[in-house]
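Participant: I'd like to go over a predicted model; first the sequence, then the structure.
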Amino acid sequence: MSDSIEWSRQEDVERIWLKEGIEFTHRLITKDNQGSSFSFHITTFKPDFEHTAIGDGVHESVLFCLHGGSTQTLPDGRVHAFRPGDAMYLPKEFTYEHKVGSGGLVMAVACNPSR
């Protein structure tokens with residue numbers, strides 16, 4: 001881990017396409033760049049995107065909705081409207097249906113361990 005205070009700007013880090021043309025992320029704080037044990041990203045989804053989100057068994061994450069929104073449906077049928085100001089904890093293993101709204105979605109993501 002770094003022993004100094006560091007800054008990072010979205011404009012200064014690579015845009016990584018997670019799903020080409022649909023979902024991209026800017027990994028602002030990472031182990032590789034700052035030596036951090038966790039990572040912090042800004043992830044953007046284009047409007048009206050739907051997919052099944054599945055945990056990778058390695059990373060636990062916190063999602064924080066900054067702009068836009070989505071609907072998340074859990075396997076037990078619970079539905080949550082994810083909107084600005086909402087935070088969501090994801091354990092290492094999870095599954096949910098994710099439907100991004102017509103305004104798209106921008107969220108802050110913290111992952112442990114770092115991606």
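Facilitator: That came through, no problem. Only a predicted model underlies this, so the values are computations on that prediction, with no experimental measurement involved.
Participant: CA atoms for contacts and neighbours, from now on please.
Facilitator: Fine.
Participant: next SSE after the one helix or strand in the chain whose mean pLDDT sits lowest?
Facilitator: None of the helices or strands of the chain scores lower by mean pLDDT, DSSP states H and E than helix 31-34, at a mean of 94. For helix 31-34, the following helix or strand on the C-terminal side (DSSP states H and E) is strand 39-45.
Participant: got the contact list for the lengthiest strand in the chain?
Facilitator: Under DSSP state E, the strand in the chain containing the largest number of residues is strand 95-112. Here strand 95-112 makes contact (Cα atoms under 8 Å, 6 or more residues apart in numbering) with 37-55, 59-75.
Participant: remind me which residues of this protein are low pLDDT?
Facilitator: Applying pLDDT under 70 to the chain picks out residues 1-2.
Participant: at the geometric centre of it, which residue do we find?
Facilitator: The centre of the chain sits closest to Val109, judged by Cα atoms, centre = their mean, with a distance of 3.9 Å.
Participant: what's opposite it in the beta bridge?
Facilitator: For Val109, the beta-bridge assignment (DSSP bridges) gives partners His41, Leu63.
Participant: just Gly68 next, same as before
Facilitator: Leu105.
Participant: hang on, it packs against Pro84?
Facilitator: Yes - between Gly68 and Pro84 there is a contact at 6.8 Å, judged by Cα atoms under 8 Å.
Participant: for those two, indicate the residue with more neighbours.
Facilitator: Neighbours were counted for Gly68 and for Pro84 using other Cα atoms under 10 Å; Gly68 has more, 20 against 16.
Participant: give me the buried positions along stretch 28-41.
Facilitator: Within stretch 28-41, the residues that count as buried by 16 or more other Cα atoms under 10 Å are Leu28, Ile29, Thr30, Gln34, Ser36, Ser37, Phe38, Ser39, Phe40, His41.
Participant: leaving out the residues flanking it, which one is nearest to the third one?
Facilitator: Which is Thr30. In this structure, Thr30 finds its nearest non-sequential neighbour in Ser39, 4.5 Å apart by Cα to Cα, 6 or more residues apart in numbering.
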